[in-house]
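> fold the following for me, if possible:
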Amino acid sequence: MVAKIAEANNVLRRRLRRKPTYNEIAEVLNVNVSTVKLVSERSRQPISLDRSITDQSNLILKEIIPGPVEMIPEKMVERQLMKQGVVKLLNTLDKREEEIVRLYFGLNGETPLSFEEIGKLLKLSRERIRQIHGIALSKLRQNTIVDSLKFYVV
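This is a model prediction of the structure:
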């Protein structure tokens with residue numbers, strides 16, 4: 001399909017003396033416009049990040065396109081220290097409190113759960129889970145480790 005669209009594009013470009021539209025290419029090939037558009041967009045040549053933005057500029061694309069924040073070494077270390085602080089803080093709770101806080105906030109890398117969902121999982125009522133959660137948060141707020149974690153909060 002890529003080859004057919006490219007050929008139709010070249011023929012129409014010579015005949016019309018301009019870039020043909022997706023509709024014109026689709027009409028010549030007797031296919032859906034969405035097919036032509038999808039194939040055309042997917043088959044474009046990649047652009048190099050080392051390419052200049054303009055002919056007169058020394059500025060290249062990778063200098064203005066930010067990478068993921070997680071890849072910046074300082075952010076990676078900061079994130080690791082924050083995780084260690086949270087683990088230390090959670091270790092001050094008893095096992096059930098820790099588990100409820102982890103499940104509620106999704107700290108195990110899973111989707112956060114509601115009090116009701118946690119209650120079903122632990123075979124406790126929603127209200128009891130809410131109470132334990134409240135007690136756990138009170139304990140966490142009073143812990144001195146929490147002061148060192150405030151640095152990471154924006």
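
> how about the helices of this protein, start to end?
In the chain, the helices defined using DSSP state H lie at 2-16, 22-29, 33-42, 61-64, 73-90, 95-105, 115-122, 126-142, 145-149.

> for the ones you listed, which one sits closest to residue 52?
The closest of the helices of the chain to residue 52 is helix 61-64. By CB to CB, the value is 8.2 Å. For glycine as for every other residue, the C-beta is placed from the backbone atoms N, C-alpha and C.

> outline the domain layout of the chain.
In terms of domains, the chain is parsed into 2-46, 70-152 (source: automatic domain parsing).

> export the ones you listed as TSV, with columns for mean pLDDT and mean neighbour count.
Output for these, formatted as TSV (pLDDT from 0 to 100; neighbours: other CB atoms under 10 Å):
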stretch	mean pLDDT	mean neighbour count
domain 2-46	89	13
domain 70-152	88	14
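
> and these as TSV, adding distance to residue 64?
Converted to TSV, the domains of the chain look like this (distance: least, CB to CB, whole Å):
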stretch	distance to residue 64
domain 2-46	17
domain 70-152	16
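
> quick one, which of those is nearest to residue 54?
Judged by CB to CB, the one of those that comes nearest to residue 54 is domain 2-46, at 19.1 Å.

> now do the end-to-end distance for the closest one.
End-to-end distance for domain 2-46, by CA to CA, to the nearest Å: 16 Å.

> stretch 54-64 too?
Stretch 54-64 has an end-to-end distance of 13 Å (CA to CA).

> identify the residues contacting it?
47, 48, 49, 50, 51, 52, 53 (CB atoms under 8 Å, 6 or more residues apart in numbering).

> now flag whichever of these is closest to residue 98.
Taking CB to CB as the measure, residue 98 lies nearest residue 49 of the contacts of stretch 54-64, at 44.2 Å.

> now do the residue lying farthest from the centre of the chain against residue 33, distance only.
If you look at how far each residue of the chain sits from its centre, by CA atoms, centre = their mean, the farthest one is residue 15, at 45.1 Å. Separation of residue 15 from residue 33 (CB to CB, to the nearest Å): 19 Å.

> thanks a lot, catch you later.
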